[in-house]
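**Student:** Provided below for reference: sequence and predicted model.
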Amino acid sequence: MYTAKAYSAAGASSPLASSKISRRDPAERDVQIEILFCGICHSDLHSVRNEWSEFMPTAYPIVPGHEIVGRVTKVGSDVTKFKPGDLAAIGCMVDSDGTCPNCHAGLEQFCPNMILTFNSPDRHLGGVTYGGYSESIVVDEHFALSVPANLPLAGAAPLLCAGITTYSPMRHWRVGPGKKVGVVGLGGLGHMAVKFAHALGAHVVVFTTSPGKKDDACRLGADEVVVSRNIDEMKKHTSSFDFILDAVSADHDVSAYISLLGLDGNLTLVGAPPKPLPVAAFGLIMGRRSLSGSAIGGIPETQEMLDFCGEHNITADVEVIPIQKVNEAYSRLLKSDVKYRFSIDMASLKSE
Ligand SMILES: [Zn+2]
Ligand SMILES: [Zn+2]
């Protein structure tokens, strides 16, 4: 065991502050990573403030962060994927049982014994796992990903959650050339969805409530932008989409988007509105449309996504901040005042 610097919150209403945590020494299959950048995901904020207490109560102190990139500093004797000096990334998971059908299928995110990067039971040290707002992390090499060398690291960090969360459903629903794809909500997830759908060769339509986002949406790869409050504009697209990715986490009219799907079209939810969404049954019945959800991606697919980003030079649009500005970043996140993701430069932790 060793001591690592971190930023943690002591309670639901406490700010994140400098602290020390224990990490395990790397065992045979472990890699130790010096964290260089960590993205700020909305779920960091939800967990710090215990807003998901019903299904995932927060254990304090909490060290959030699951969009991690860094450099390998030490490897265990059985490690084959990495050597010291390599770039490596960690996403939302650090462990699973490795034996269930989902693990065998490379869908570790659906393993009943999956361990999240933070606020999950820590099998090695007891207590809970601590995330990426820290100078280092130790994980089983299976859960460490390789980062293409051409990607700028600050923008690569958010690929580990915002990236894979949008890439995975697009692959599942076969987004590609000749497909018409909608993206609802242009935030951390939505802006990645636009980049992926464009790179996969689809015709991309962005739905937004703010006409001011039009230029930015086109810059990110949108072919068309629809202001969703304009009913006439919406109607023009009735029954025409193959796939719509809905990344809105606030209350909204999902049936209005379902009616824009063509035959066998699918709408996948990746945002998580707190209240149930009303769905019109006829909207699904007519056209055999479907409504589904999706959660991150398995380890093989996460590596595939990173390699795809390397080939297409895709990273998130980030605002880099020092860890000392993390509380301010949280308040700005609540106002959607970031284009489009905060990425913490973890070198700033050295002065603590
Ligand atoms: Zn996340
Ligand atoms: Zn499993």
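**Tutor:** Thanks, I have it. Here the structure is a predicted model, which means the values were calculated and not measured. Ligands and ions are numbered 1, 2, ... in the order given.
**Student:** residues in the stretch 1-150 of the chain within reach of ligand 2, list them.
**Tutor:** 96-97, 100, 103, 111 (Cβ under 5 Å from the ion). Where C-beta positions appear, they are placed from N, C-alpha and C, glycine not excepted.
**Student:** For these, pick the one with the most neighbours.
**Tutor:** residue 96 (23 neighbours; other Cβ atoms under 10 Å).
**Student:** Against which helices or strands is whatever helix or strand residue 198 lives in packed?
**Tutor:** Using DSSP states H and E, residue 198 maps to helix 188-199. The contact analysis (3 or more Cβ pairs under 8 Å, 6 or more residues apart in numbering; DSSP states H and E) places helix 188-199 against helix 162-172, strand 180-184, strand 203-208, helix 214-220, strand 241-246.
**Student:** which stretch among these comes nearest ligand 2?
**Tutor:** When the helices and strands packed on helix 188-199 are compared by Cβ to the ion, helix 162-172 sits nearest ligand 2, at 17.3 Å.
**Student:** pLDDT score assigned to whichever residue of the stretch 101-250 of the chain sits closest to ligand 1?
**Tutor:** Relative to ligand 1, the nearest point of the stretch 101-250 of the chain is residue 161 (3.2 Å; Cβ to the ion). Here, the pLDDT recorded for residue 161 equals 98.
**Student:** before we move on, what about residue 72?
**Tutor:** 98.
**Student:** burial measure for it, as a count.
**Tutor:** Using other Cβ under 10 Å, residue 72 has 21 other residues around it.
**Student:** contacting residues around it?
**Tutor:** 31-34, 82-88, 144 (Cβ atoms under 8 Å, 6 or more residues apart in numbering).
**Student:** quick revisit: ok, the residue of the stretch 101-250 of the chain closest to ligand 1 touching residue 39?
**Tutor:** Yes - look at residue 161 against residue 39 with Cβ atoms under 8 Å: they come within range, at 6.9 Å.
**Student:** ok so, going back, for the contacts of residue 72, which PyMOL command selects only the ones that are buried?
**Tutor:** If you want just the buried ones from those in PyMOL, going by 16 or more other Cβ atoms under 10 Å, the selection is:
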select buried, resi 31+32+33+34+82+86+87+88+144
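**Student:** would TSV of the contacts of residue 72 with distance to residue 50, secondary structure and pLDDT be doable?
**Tutor:** Shown next, in TSV, are those (distance: Cβ to Cβ, whole Å; DSSP: H, G, I helix; E, B strand; the rest coil; pLDDT from 0 to 100):
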residue	distance to residue 50	secondary structure	pLDDT
31	31	strand	98
32	30	strand	98
33	28	strand	98
34	30	strand	98
82	35	coil	98
83	40	coil	98
84	38	coil	98
85	39	coil	98
86	36	coil	98
87	34	strand	98
88	30	strand	98
144	29	coil	98
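**Student:** hmm, back to that, what inclination does the helix holding residue 198 have with respect to strand 203-208?
**Tutor:** Orientation check (axes from the mean of the first three to the mean of the last three Cα atoms, to 10 degrees): helix 188-199 against strand 203-208 gives 160 degrees.
**Student:** what angle sits between helix 188-199 and helix 162-172?
**Tutor:** Going by the same axes, to 10 degrees, helix 188-199 makes 50 degrees with helix 162-172.
**Student:** follow-up on the earlier one: return the most buried member of the helices and strands packed on helix 188-199.
**Tutor:** strand 180-184 (a mean of 27; mean count of other Cβ atoms under 10 Å).
**Student:** Report all helices and strands that that strand contacts.
**Tutor:** helix 188-199, strand 203-208, strand 241-246.
**Student:** how much does that strand deviate in direction from strand 241-246?
**Tutor:** Between strand 180-184 and strand 241-246, the angle comes out at 20 degrees (the same axes, to 10 degrees).
**Student:** Let me see the mean pLDDT of strand 180-184.
**Tutor:** On average, strand 180-184 scores 98.
**Student:** pull the CA atoms of it into PDB?
**Tutor:** C-alpha atoms of strand 180-184 as PDB (Å, rounded to 0.1, in the frame of the first residue of the first chain):
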ATOM      1  CA  LYS A 180     -29.700   9.400 -41.300                       C
ATOM      2  CA  VAL A 181     -28.700  10.000 -37.700                       C
ATOM      3  CA  GLY A 182     -30.100  12.500 -35.200                       C
ATOM      4  CA  VAL A 183     -28.300  13.700 -32.100                       C
ATOM      5  CA  VAL A 184     -30.500  15.400 -29.400                       C
END
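**Student:** picking that back up, JSON lines for the helices and strands packed on helix 188-199, including distance to ligand 2?
**Tutor:** Below are the helices and strands packed on helix 188-199 laid out as JSON lines (distance: least, Cβ to the ion, whole Å):
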{"stretch": "helix 162-172", "distance to ligand 2": "17"}
{"stretch": "strand 180-184", "distance to ligand 2": "31"}
{"stretch": "strand 203-208", "distance to ligand 2": "35"}
{"stretch": "helix 214-220", "distance to ligand 2": "35"}
{"stretch": "strand 241-246", "distance to ligand 2": "26"}
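**Student:** right, so of these, which gets closest to residue 309?
**Tutor:** helix 162-172 (6.9 Å; Cβ to Cβ).
**Student:** So which elements touch the longest helix along the chain?
**Tutor:** Scanning the chain for the helix with the most residues, using DSSP state H, yields helix 299-312. Helix 299-312 sits against strand 145-146, helix 162-172, with contacts defined as 3+ Cβ pairs under 8 Å, 6+ apart.
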